[in-house]
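Trainee: what's the 3D shape of this:
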Amino acid sequence: MKVSLDRPICKFVGKGDDEFLHLDKCRFSEPILDMILGKYSVGHGSFVCLPESHKWNAAIKQLYEPHYTGGGGQKWGLDPAKPDPLNLYEKARKVIIPAGAMLFWLQDTVHGVVKNKTDHIAWGLYVGYSTDVERAKYTKVHKVEEVLDRVRVFKKGVSPKGFPSIDTVHTYPLRFKNFHRNIGNFVEKMDQASSKQYGFAKRKLDNRDEFVPHLVEYDPVDYEPPRLSKRGKELLVGKKRVYEFFRSDDADGDDTQVGGGGRCDECD
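Mentor: The predicted structure is shown next:
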């Protein structure tokens, strides 16, 4: 098994989607029984899900796919404006996650999020656990083998190309792609003069003689990869591929130098 941090949770008071039932995987794909997702709550938190829905994959594909033929994105989200043959919205349940606790679910479990109705910021982490088997879909979408992307992230301290759900990781909120002028306010709040992480430029809009603010992310300055134990290396690249990517120069196997293959040009 490997672990991949999906993203941190920082939900402000009154923020968050009201109803968003979805699956963190490619739309209507086959069941993925060897991937487990988890949510850790720093404070008192909650989680919305449909218990036992990991067993409904065939029924969901048969009954819902005809109504969701268009659109992009990797994950499938239930649209309240479209038919709901299995009454998924009615079957959703809210699960309380006590402070310091973690909840796990299979990737084929339909789940969702709700607004933060507390009087404090909700902090936490989303974590994904899966086997070290490569996913062809990741390579197709992001043009890099998944394990090579993990090595690149480890060596350079940058963001991965995609989340465990295979959705693309963006430098700034995705909504700015559709509402591009809004990024101007976002950029103005940043310390452009001393920023070593971002380049500030203008991007020309497609088929229009107009330029809008744009960000380019640089590699972190003075980043040093953390030292990994033997088990840490196995989690990063898979047990069968440790010796392909690492060569150990000490008895404990803690050397973190990546080598072998020479196929990850971005890693060097």
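Trainee: Find the residue at the geometric middle of this protein.
Mentor: By C-alpha atoms, centre = their mean, the chain has its centre lying nearest to residue 163, at 2.6 Å.
Trainee: how far away is that residue from residue 52?
Mentor: Distance, residue 163 to residue 52, by C-beta to C-beta, to the nearest Å: 25 Å. Yep, even glycine has a C-beta here, placed from its N, CA and C like the rest.
Trainee: swap in residue 158?
Mentor: According to C-beta to C-beta, residue 158 stands 39 Å off from residue 52.
Trainee: what about these two, which has more around it?
Mentor: With neighbours defined as other C-beta atoms under 10 Å, residue 158 and residue 52 compare such that residue 158 has more, 18 against 10.
Trainee: Could I get the contacting residues of that one?
Mentor: The contact partners of residue 158, by C-beta atoms under 8 Å, 6 or more residues apart in numbering, come to 152, 217, 219, 220.
Trainee: quick one: the residue nearest to the centre of the chain and residue 169 touch, right?
Mentor: Yes - the criterion here is C-beta atoms under 8 Å, and residue 163 meets it with residue 169 at 6.2 Å.
Trainee: hang on, isn't residue 145 packed against residue 139?
Mentor: Yes - the criterion here is C-beta under 8 Å, and residue 145 meets it with residue 139 at 5.3 Å.
Trainee: need the contact list for residue 104.
Mentor: Residue 104 neighbours (C-beta under 8 Å, 6+ apart): 36, 37, 38.
Trainee: hmm, try it at 10 Å
Mentor: Residue 104 makes contact with 36, 37, 38, 39, 40, 127, 129 under the criterion C-beta atoms under 10 Å, 6 or more residues apart in numbering.
Trainee: which stretches of the stretch 51-200 of the chain form helices?
Mentor: Counting by DSSP state H, counting those that start in this stretch, one finds helices in the stretch 51-200 of the chain at the ranges 57-64, 88-91, 136-142, 146-156, 175-178, 183-188.
Trainee: Return the member of these having the minimum mean pLDDT.
Mentor: Mean pLDDT is lowest for helix 175-178 out of the helices of the stretch 51-200 of the chain, coming in at a mean of 71.
Trainee: Any stretches of the stretch 151-268 of the chain with poor pLDDT?
Mentor: Residue ranges of the stretch 151-268 of the chain with pLDDT under 70: 177-178, 248-268.
Trainee: Apply 50 and report the result again.
Mentor: 249-262 (pLDDT under 50).
Trainee: residue boundaries of the strands in it?
Mentor: 198-204, 211-217 (DSSP state E, counting those that start in this stretch).
Trainee: Number of residues surrounding residue 242?
Mentor: When counting by other C-beta under 10 Å, one arrives at 22 neighbours for residue 242.
Trainee: any chance of the contacts of residue 104 in CSV, plus pLDDT?
Mentor: Below are those laid out as CSV (pLDDT from 0 to 100):
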residue, pLDDT
36, 88
37, 90
38, 92
39, 93
40, 93
127, 87
129, 81
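Trainee: Please check these and keep the buried ones.
Mentor: 36, 37, 39, 40, 127, 129 (16 or more other C-beta atoms under 10 Å).
Trainee: Can you flag which of those belong to strands?
Mentor: Counting by DSSP state E, the buried ones among the contacts of residue 104 place 36, 37, 39, 40, 127, 129 in strands.
Trainee: In ChimeraX, select just the buried ones from the contacts of residue 158.
Mentor: The ChimeraX selection below is limited to those of these classed as buried (16+ other C-beta under 10 Å):
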select :152
